[in-house]
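>>> This is a predicted model, with the sequence first.
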Amino acid sequence: MARETFEDWIPVELGSTAIQALVRESATEALARPEPMASDTKQVPRSGEFAIANVSKGAAYGETAGTNDYVELIARKAGGVARVAEEDLLDSSVDILDTKRQDAARNMAKYFDNATLAVSAASNGTTVPYTSVYKAVRTNNPATSYTADANYTAGAATYANLSAVLADYEVSEFADFGNTFVIAAHEFRAAIRNILDSQNRPIFQEGMNPGEDRLFGFPLTWSHGAKVSVTATATPSGNPLLIIGNRDLLIKGMAKLSPTIASPNPGFALQRANNGVGFLTDEALLKAAMRRGFAVGHEKAFAVFEKTS
């Protein structure tokens, strides 16, 4: 027996508070350079070197033989569904859907940060959707002449160690001090609060308002996802990470979602809809979906500190 379809009648409920929560809680979502994606895969050009040397009168100019390649963004989708009885929606004094939207946005933020910043395994497209900053900095890359762990430090959160991490970034030709960010797991709050430099000045300045914290003078963003894990998760429990880098080379792909879950924020949406047997069960589904690509533009644009003690 044919079933009538009413997908086009189902309203898409978008909560701006949920989208704000996503941006507020996800360091990568807030800081990474966006690249619109019209398909599953996008290649972002990466320029090689341009050789410069002295040219004598009448002599030929030396020619550059550098490699011009690209970094590849592959869109991956993450999401989940919450099932809610219609009676609960009608009878509760709490706005269940708005509460669950914000829950979904916060967990999506932690998952996305963990996947892009802190997963230790190689990308496999499923449990490890991307090559994270942590994995990239700890892996050889002949294409960029980067040696594994060159920009990686581990140990206790001391002035010497944190200064060494900053130095790894400062000496890189990809450092851009007007575009520099610091991302840290919340476990660093207590660890760095009382650290002083050689002039007895605190290296960590707590702002009066959210988003105003600074480390070594650079803007500091906190992330619950910046802890090492083997696979991408919204509840990582490994060592906390602190990452210094150039925003232009932290690249997120903004892939489209299905029109049925379109959103003003490309690639992220929340939708309430009855399931296929909604009449029989009187239940509603709240679906959260996010479709993003991610790539590290160049390993030398980042420095990572892992707090191991």
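Alright, I've got the coordinates.
>>> tell me the mean pLDDT for stretch 18-38?
What stretch 18-38 shows for mean pLDDT is 87.
>>> typed the wrong thing, it's stretch 172-189
For stretch 172-189, the mean confidence score works out to 96.
>>> for that stretch, which positions count as buried?
Buried residues in stretch 172-189, counted by 16 or more other CB atoms under 10 Å: S172, F174, A175, T180, F181, V182, I183, A184, A185, E187, F188. Quick note: C-beta positions are derived from backbone N, CA and C, even for glycine.
>>> Tell me which two of those sit farthest apart.
The most widely separated members of the buried residues of stretch 172-189, counting by CB to CB, are F174 and E187 (27.5 Å).
>>> in stretch 201-217, what counts as buried?
Neighbour counts over stretch 201-217 (16+ other CB under 10 Å) mark I203, F204, D213, L215, F216 as buried.
>>> Go ahead and confirm the first one touches L196.
Yes: when contacts are counted by CB atoms under 8 Å, I203 is listed as touching L196 (7.2 Å).
>>> shared neighbours of these two, anything?
Between them, I203 and L196 have Y159 as joint contacts when contacts are counted by CB atoms under 8 Å, 6 or more residues apart in numbering.
>>> Could I get the buried residue list for the longest strand along the chain?
The longest strand of the chain (DSSP state E) is strand 283-296. Residues of strand 283-296 classed as buried: 283-284, 286-296 (neighbour count, 16+ other CB under 10 Å).
>>> now stretch 228-242
V228, S229, A232, T233, A234, P236, G238, N239, P240, L241, L242.
>>> who's in contact with stretch 123-131?
Contacts for stretch 123-131 (CB under 8 Å, 6+ apart): 74, 76, 78, 115-116, 119, 121-122, 135, 139, 231-232, 293-296.
>>> between the helix or strand K100 falls within and strand 283-296, how big is the angle?
For K100, the host element (DSSP states H and E) is helix 96-113. Computed with axes from the mean of the first three to the mean of the last three CA atoms, to 10 degrees, the direction of helix 96-113 lies at 20 degrees from that of strand 283-296.
>>> got the buried residues for helix 96-113?
So for helix 96-113, counting by 16+ other CB under 10 Å, buried means 96-97, 100-113.
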